[in-house]
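Asker: sequence first, then the predicted structure, then my questions.
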Amino acid sequence: MPEEKKKERAGEKVETRTYTFQVFRFDPDKGDGSSHREYKLDVARGTTVLDALIRIKEEQDNTLSFRYSCRMGVCGSCGMFVNGLPVLGCQTQVYDLDGDVVEVKPLPNYDVMRDIACDQMSMFEKHKSVKPYILRKDTKELDNARGEYTQTPENLDWIYQFTYCIKCGLCLSACPTAASDSEFAGPQALAQAYRYIKDMRDEGAKERVDIVDNSHGCWRCHFASSCSQVCPKGVDPALAIQLLKREVILHRLWLRRQGKGSELMPKKIKDAKRKEDVPDAPEKTV
Ligand code: SF4
Ligand code: SF4
Ligand code: FES
């Protein structure tokens, strides 16, 4: 555990610890392989690994490249490999890490673009391939939308956990199958395939079953669950994939048929009583 020191900041004494950040460096323009660079930084309690990298960039080395946006665990863009684990940099407290050396690398299973920033297009393409949106047999219905489709609270409950995915790609970087088969659809895309198959508003289950039922699809997953262990949103993609396998089998055995998607919500819900303290909805903007 690094020794704690007192520093003066804005007239107040702040306790800090000195950490050594060993950061992976790769410059595609130089093409001379990768290396590590060390930066020493005094860090106060509450500093995240992302905060530390931002300070290193501002104070010590403005050539350091990494990706981030929201800084609050929502956008999914600050995935990095810290002390051997895929994490969101903005959700990882430096004080919570063991020892006084913090090793920061790009996420495994992706091509490195520069330093910590990697190319996640492969994951987005896989995500796109499972059609992660509501499909209806009558495609004109969606082109001329007349309202919202009904979803019961029970159906929302069933898929809710899987809707939390922020597409950070940590699961794919932890997956041993993805490491050995670059064509494997991966936990993110397969979990989303299940999420949409089970959505009662959707009519595309058969289409998605055909997409995931192959040697690089759901059957390739051997349920090691590393994906679920690193997911920062508790999505549990490993569980979704096992449920997806069951869905595929039921479809193939004709025990599950593509049902009709839910109807449009009625303009006025019968017998609905509004609570008195609920304000009026704002005017529609679109
Ligand atoms: S399932 Fe979890 S780890 Fe995978 S992309 Fe979604 S939020 Fe990230
Ligand atoms: S459970 Fe499946 S998708 Fe998740 S890490 Fe293991 S092999 Fe990969
Ligand atoms: S910066 Fe958005 S999730 Fe970390």
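Answerer: Received the coordinates, thanks. Ligands and ions are numbered 1, 2, ... in the order given.
Asker: name the helices or strands packed onto whichever strand in the chain runs longest?
Answerer: If you go by DSSP state E, the chain has its longest strand at strand 12-26. Packing partners of strand 12-26 (3 or more CB pairs under 8 Å, 6 or more residues apart in numbering; DSSP states H and E): strand 4-9, strand 34-44, helix 49-59, strand 101-105, strand 111-114. No exception for glycine: its C-beta is placed from N, CA and C like everyone else's.
Asker: rerun that using 7 Å as the cut-off
Answerer: strand 4-9, strand 34-44, strand 101-105 (3 or more CB pairs under 7 Å, 6 or more residues apart in numbering; DSSP states H and E).
Asker: show the average pLDDT along the first one.
Answerer: Strand 4-9 shows a mean pLDDT of 75 in the predicted model.
Asker: got it, and the second one?
Answerer: Averaging the model's pLDDT scores along strand 34-44 yields 95.
Asker: that older thread, who does the longest strand of the chain pair up with?
Answerer: Strand 12-26 sits in its sheet next to strand 4-9 (antiparallel), strand 34-44 (antiparallel), strand 101-105 (parallel), going by DSSP bridges.
Asker: let me know which of those is tucked in deepest.
Answerer: The highest average neighbour count among the strands paired with strand 12-26, using mean count of other CB atoms under 10 Å, belongs to strand 101-105 at a mean of 20.
Asker: hmm, back to that, C-alpha coordinates for the longest strand of the chain, CSV please?
Answerer: Extracted in CSV, the C-alpha atoms of strand 12-26 (Å, rounded to 0.1, in the frame of the first residue of the first chain):
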residue,chain,number,x,y,z
GLU,A,12,-6.8,22.7,2.6
LYS,A,13,-4.7,19.8,3.6
VAL,A,14,-5.4,16.8,1.3
GLU,A,15,-4.0,13.3,1.8
THR,A,16,-2.4,11.8,-1.3
ARG,A,17,-0.6,8.6,-2.3
THR,A,18,2.1,8.3,-5.0
TYR,A,19,1.4,5.8,-7.7
THR,A,20,3.4,4.7,-10.6
PHE,A,21,1.3,4.3,-13.8
GLN,A,22,2.8,1.9,-16.3
VAL,A,23,1.0,2.8,-19.5
PHE,A,24,1.0,0.9,-22.8
ARG,A,25,2.2,3.1,-25.7
PHE,A,26,1.8,2.4,-29.4
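Asker: so what touches stretch 258-277?
Answerer: Stretch 258-277 has contacts (CB atoms under 7 Å, 6 or more residues apart in numbering) with 136, 146-151, 200-203, 205-206.
Asker: could I get the strands paired with strand 12-26 as JSON lines with distance to ligand 3?
Answerer: Below are those laid out as JSON lines (distance: least, CB to the nearest ligand atom, whole Å):
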{"stretch": "strand 4-9", "distance to ligand 3": "24"}
{"stretch": "strand 34-44", "distance to ligand 3": "18"}
{"stretch": "strand 101-105", "distance to ligand 3": "14"}
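Asker: in the stretch 1-150 of the chain, what residue comes closest to ligand 1?
Answerer: Across the stretch 1-150 of the chain, no residue is closer to ligand 1 than G76, which sits at 6.0 Å (CB to the nearest ligand atom).
Asker: residues of the chain that sit close to ligand 3?
Answerer: With CB under 6 Å from any ligand atom as the criterion, the chain meets ligand 3 at residues Y68, S69, C70, R71, G73, V74, C75, G76, S77, C78, L88, C90.
Asker: which of these tops the neighbour count?
Answerer: In terms of neighbours by other CB atoms under 10 Å, those top out with L88 at 28 neighbours.
Asker: please verify my assumption that that residue contacts F81.
Answerer: No: if you go by CB atoms under 7 Å, L88 and F81 don't touch, sitting 11.4 Å apart.
Asker: before we move on, back to that, please narrow the residues of the chain next to ligand 3 to those residing in helices.
Answerer: Secondary structure from DSSP state H places none of the residues of the chain next to ligand 3 in helices.
Asker: which of the residues you listed lies closest to E247?
Answerer: Using CB to CB, G76 comes nearest to E247 of the residues of the chain next to ligand 3, at 25.8 Å.
Asker: wait, the closest one sits on L170?
Answerer: No: counting by CB under 7 Å, G76 does not reach L170; the two are 8.5 Å apart.
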